[in-house]
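Participant: could you work out the structure for the sequence below:
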Amino acid sequence: DINRLLKPRAGYKTASSRSGQFVAHGPMLPKRRGGILDANANTILIAPDHVVVTAERVRNALLGRLGLPTLPGSRVKLRLEPTMSYKAAVRVVTERHFNSYTYELMLSSEIEADKLVRALVQVTLLDLANRKPQLRDTEIPLWLTVGFTQLLLSQPDLVLVLRQPEQGGREMAMEEVVKNVRRHDTLAGVRVRLRRRRAFDFSEIAMPSSAHLRGENWRDFQACSHLLVDRLLAVRAGRVRLQNMIRQLPDNMNWQTSFLKVYGDFFADMLGVEKWWAVTIVQLTGQNQYQNWTLSEAVEKLENLLKLPAEVRLNDADSPLEAEVTLQQAIRGWDFAVQKQTLEMKVNQLLIARMKMPRQLLPFVNEYGRILQNYVATRQRVESFKPRRGQARPRLASMVDEAVRQLDSVDRRLVLFKPAPTLSAPAALPQN
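Facilitator: Predicted coordinates for the structure are as follows:
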């Protein structure tokens, strides 16, 4: 209960932003958990007075990039936790009311500046999307949150983050510009990185795996998301289009539907988006990385594309573990609403993969797509079937079994194209 947590406590205080939208509670003088010698160079300390100013600045900057005036927003409660690790993910909790929303963020008092900005961008996008009460949670695509975060951090002369001065610090050190100011080229860092690294395909940005969000791949994802949002803002009526997409997110089961409704005069489907993205990368870097894959690369890419990320719990008390499931396992075990969204995305990814597939594997790509499309269409008809008197509802089991049988058959034939494993020569025995 946030109200209980906001009660007076020694060394803690509650602060409100000038607009009254943001309320923060936490220690007035936070300290680094590891001490001065173990300080993490990428983290800052935040106190209630500073974080509410940061929150207001981030919101106003984001609204400005979208071409929106300063709008009143839903109440956002920021809870600063001194015992929380700076590595912990920031949780955004949405509370529904009869005709409004309240959001709560739990933040570490020691936090990475870009993580703080990203959490505030996410809650601002949620607030813009949730203009009317609804039963289903609105999902903001990760690329949109990350892209706007990187865009704001790259703006010249924009100070977003206020931090708590550490011991011995002076008041004038309170403001921190968490970015490198570049002369009017906010994409300079993106250009440098993507000339050295492979840019992600649009399908990878749209549905990143856990591997895309770790280490150097995470920085690549940030760069690609930054470029994507920047280019979408640059198209004709770009700011208005992104406003409309955000507002439509609650009305559709996935963001891709909202995206295509708004950008329908540019892209007929997600394959069109992938082609546009390929051209965008070439224009930025001068390098065409969208050449056909080799046969061995293509087999590996196709096998990975056909896997689905999932979370598995060994028991209710354990934290979820990352895992991968096959299409067959998803068809047999997942709820159809989740299946439909995921399998339709897989069909789009298969269409996009065709662009780089060698000729020998195109029949496999086509067949996987056909099986999934037929299964989803047939299952959709069965789910919405209303039997008349004397009519029996079609059996789901036989339909599921047939789809799994067809997928198994294609899997067995695809294995024949896998390169034989190379056996290393045995090491020579030492001579006496």
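Participant: ok, now which ones touch F148?
Facilitator: L62, R65, V121, L125, V229 (Cβ atoms under 8 Å, 6 or more residues apart in numbering). Yep, even glycine has a C-beta here, placed from its N, CA and C like the rest.
Participant: got it, and F267?
Facilitator: L260, V273, W276.
Participant: returning to that earlier point: could the contacts of F148 go into CSV alongside pLDDT?
Facilitator: As requested, the contacts of F148 are exported to CSV (pLDDT from 0 to 100):
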residue, pLDDT
L62, 95
R65, 93
V121, 96
L125, 95
V229, 96
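Participant: closest one of these to Y101?
Facilitator: Y101 has its nearest neighbour among those in L125, at 12.7 Å by Cβ to Cβ.
Participant: flag every buried residue along the helix or strand harbouring that closest one.
Facilitator: Using DSSP states H and E, L125 sits within helix 113-129. Of the residues in helix 113-129, those buried by neighbour count under the rule 16 or more other Cβ atoms under 10 Å are 113-129.
Participant: centre of the chain versus the lengthiest helix in the chain, how much separation?
Facilitator: Ranked by residue count under DSSP state H, the longest helix found in the chain is helix 362-383. How far helix 362-383 lies from its chain's middle: 26 Å, per Cα atoms, centre = their mean, to the nearest Å.
Participant: export that helix as CSV, just CAs?
Facilitator: The C-alpha coordinates for helix 362-383 follow below in CSV (Å, rounded to 0.1, in the frame of the first residue of the first chain):
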residue,chain,number,x,y,z
LEU,A,362,12.4,-21.1,-50.1
PRO,A,363,9.9,-24.1,-50.3
PHE,A,364,10.4,-24.7,-46.6
VAL,A,365,9.7,-21.1,-45.7
ASN,A,366,6.6,-21.1,-47.9
GLU,A,367,5.4,-24.4,-46.4
TYR,A,368,5.8,-23.3,-42.8
GLY,A,369,4.0,-20.1,-43.5
ARG,A,370,1.1,-22.0,-45.3
ILE,A,371,0.7,-24.5,-42.4
LEU,A,372,0.5,-21.7,-39.8
GLN,A,373,-1.8,-19.5,-41.8
ASN,A,374,-4.2,-22.4,-42.5
TYR,A,375,-4.2,-23.5,-38.9
VAL,A,376,-4.9,-20.0,-37.5
ALA,A,377,-7.7,-19.4,-40.1
THR,A,378,-9.3,-22.8,-39.4
ARG,A,379,-9.0,-22.5,-35.6
GLN,A,380,-10.5,-19.0,-35.8
ARG,A,381,-13.5,-20.4,-37.6
VAL,A,382,-13.9,-23.1,-35.0
GLU,A,383,-13.6,-20.7,-32.1
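Participant: now N60: closest residue in space, sequence neighbours ignored.
Facilitator: Of all residues beyond its chain neighbours, the one nearest N60 is T70 (5.8 Å), with distances taken as Cβ to Cβ, 6 or more residues apart in numbering.
Participant: please read off the pLDDT at the residue nearest the centre of the chain from the model.
Facilitator: Against the mean C-alpha coordinate of the chain, by Cα atoms, centre = their mean, the closest residue is L142 at 2.0 Å. Note on L142: pLDDT of 94.
Participant: contacting residues for it?
Facilitator: L142 sits next to P208, S225 when contact means Cβ under 8 Å, 6+ apart.
Participant: check L62 too.
Facilitator: Contacts of L62 were listed using Cβ under 8 Å, 6+ apart, and they are V121, T124, L125, F148, L152.
Participant: and the gap between it and V190?
Facilitator: 19 Å (Cβ to Cβ, to the nearest Å).
Participant: over to R370?
Facilitator: Look at R370 and V190: by Cβ to Cβ, they are 38 Å apart.
Participant: picking that back up, hey, C-alpha coordinates of the helix holding L125 in CSV?
Facilitator: Taking Å, rounded to 0.1, in the frame of the first residue of the first chain, the C-alpha atoms of helix 113-129 are listed here in CSV:
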residue,chain,number,x,y,z
ALA,A,113,20.6,7.5,-15.7
ASP,A,114,19.3,6.0,-19.0
LYS,A,115,17.3,3.4,-17.1
LEU,A,116,15.6,6.1,-15.1
VAL,A,117,14.8,8.1,-18.3
ARG,A,118,13.5,4.9,-20.0
ALA,A,119,11.1,4.1,-17.1
LEU,A,120,9.7,7.6,-17.2
VAL,A,121,9.3,7.5,-21.0
GLN,A,122,7.5,4.2,-20.6
VAL,A,123,5.0,5.5,-18.1
THR,A,124,4.4,8.6,-20.2
LEU,A,125,3.7,6.5,-23.2
LEU,A,126,1.3,4.4,-21.1
ASP,A,127,-0.5,7.5,-19.9
LEU,A,128,-0.9,8.8,-23.5
ALA,A,129,-2.3,5.4,-24.6
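Participant: what are the phi and psi values for A88?
Facilitator: When read as degrees, to the nearest 10, the backbone of A88 gives phi -70, psi 150.
Participant: S108 is in contact with that one, correct?
Facilitator: Yes: contact criterion Cβ atoms under 8 Å: A88 and S108 qualify, at 6.2 Å.
Participant: look at those two and report which has more neighbours.
Facilitator: For A88 versus S108, the count of surrounding residues by other Cβ atoms under 10 Å is larger for S108: 24 against 13.
Participant: name the helices or strands packed onto the helix holding L125?
Facilitator: Contacts defined by 3 or more Cβ pairs under 8 Å, 6 or more residues apart in numbering; DSSP states H and E place helix 113-129 against strand 43-45, helix 48-65, strand 91-96, strand 101-108, helix 142-153, strand 161-162, helix 238-248.
Participant: farthest-separated two in the contacts of L62?
Facilitator: L125 and L152 (12.1 Å).
Participant: can you list the low-confidence ranges for the stretch 251-400 of the chain?
Facilitator: 287-291, 311-321, 390, 392 (pLDDT under 70).
Participant: quick one, strands of it?
Facilitator: Here the stretch 251-400 of the chain has its strands, by DSSP state E, counting those that start in this stretch, at 307-312, 321-326.
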